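Asker: What follows is a predicted structure for the sequence shown.
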Amino acid sequence: MGVSRNFRAAMLVATIGMLAVSSVARADDPKDPSMRSAAARARDHELTRRLNQQQAAMVRERDARYAQGWRAYDRSGSNADYADANAQYERELARWRRDVSACRSGDYSACAH
């Protein structure tokens, strides 16, 4: 029996993936020949620091936009609308429960609600 085409394709993809991961993993290798000099390590450190700062700035800006959106939502009165709708729901639920109880007690006119 021969090996199926799907199996061969899966093995090829797995092999390529392993090669890609192994080359990426080398980037942090302390024995990397390109990082032997102090100048190269300093450049790498500076690049990492700058990328971290850029990412932190992006996160701060994103969080500020989110906070602005939440403040606008709070000012819109949506919380009051929710409280009103919730109170209405609770009243309707209490009325329904009373009708169910009355229906079960024999008041069949309450069963239609």
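Answerer: Everything's here; your move.
Asker: other SSEs contacting the lengthiest helix in the chain?
Answerer: Criterion DSSP state H: the longest helix present in the chain is helix 38-75. Helices and strands touching helix 38-75, as assessed by 3 or more CB pairs under 8 Å, 6 or more residues apart in numbering; DSSP states H and E, are absent. All C-beta atoms are positioned from the backbone trio N, CA, C, and that covers glycine.
Asker: Mind listing what's buried along that helix?
Answerer: Buried residues in helix 38-75, defined by neighbour count with 16 or more other CB atoms under 10 Å: none.
Asker: Please compute how far it lies from its chain's middle.
Answerer: Distance of helix 38-75 from the chain centroid (CA atoms, centre = their mean, to the nearest Å) equals 18 Å.
Asker: could you give me the average pLDDT of that helix?
Answerer: Confidence over helix 38-75 (mean pLDDT, whole number) is 91.
Asker: Now the next helix or strand after it: buried residues?
Answerer: Next along the chain after helix 38-75, taking DSSP states H and E as the criterion, comes helix 78-104. By neighbour count on 16+ other CB under 10 Å, the buried set for helix 78-104 is D99.
Asker: relative orientation of helix 78-104 and helix 38-75 in degrees?
Answerer: Angle of helix 78-104 versus helix 38-75, following axes from the mean of the first three to the mean of the last three CA atoms, to 10 degrees, is 60 degrees.
Asker: How far off centre is helix 78-104?
Answerer: Centroid separation between helix 78-104 and its chain, computed with CA atoms, centre = their mean, is 34 Å.
Asker: same deal with stretch 67-77?
Answerer: The answer for stretch 67-77 is 21 Å, by CA atoms, centre = their mean.
Asker: Output it in PDB with nothing but the alpha carbons.
Answerer: The C-alpha trace of stretch 67-77 is given here as PDB (Å, rounded to 0.1, in the frame of the first residue of the first chain):
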ATOM      1  CA  ALA A  67     -12.300  55.000  27.700                       C
ATOM      2  CA  GLN A  68     -13.700  57.800  25.600                       C
ATOM      3  CA  GLY A  69     -16.300  55.500  24.200                       C
ATOM      4  CA  TRP A  70     -17.300  54.300  27.600                       C
ATOM      5  CA  ARG A  71     -17.600  57.900  28.900                       C
ATOM      6  CA  ALA A  72     -19.800  58.800  25.900                       C
ATOM      7  CA  TYR A  73     -21.900  55.700  26.600                       C
ATOM      8  CA  ASP A  74     -22.400  56.700  30.200                       C
ATOM      9  CA  ARG A  75     -23.300  60.300  29.200                       C
ATOM     10  CA  SER A  76     -25.900  59.000  26.700                       C
ATOM     11  CA  GLY A  77     -28.300  57.900  29.500                       C
END
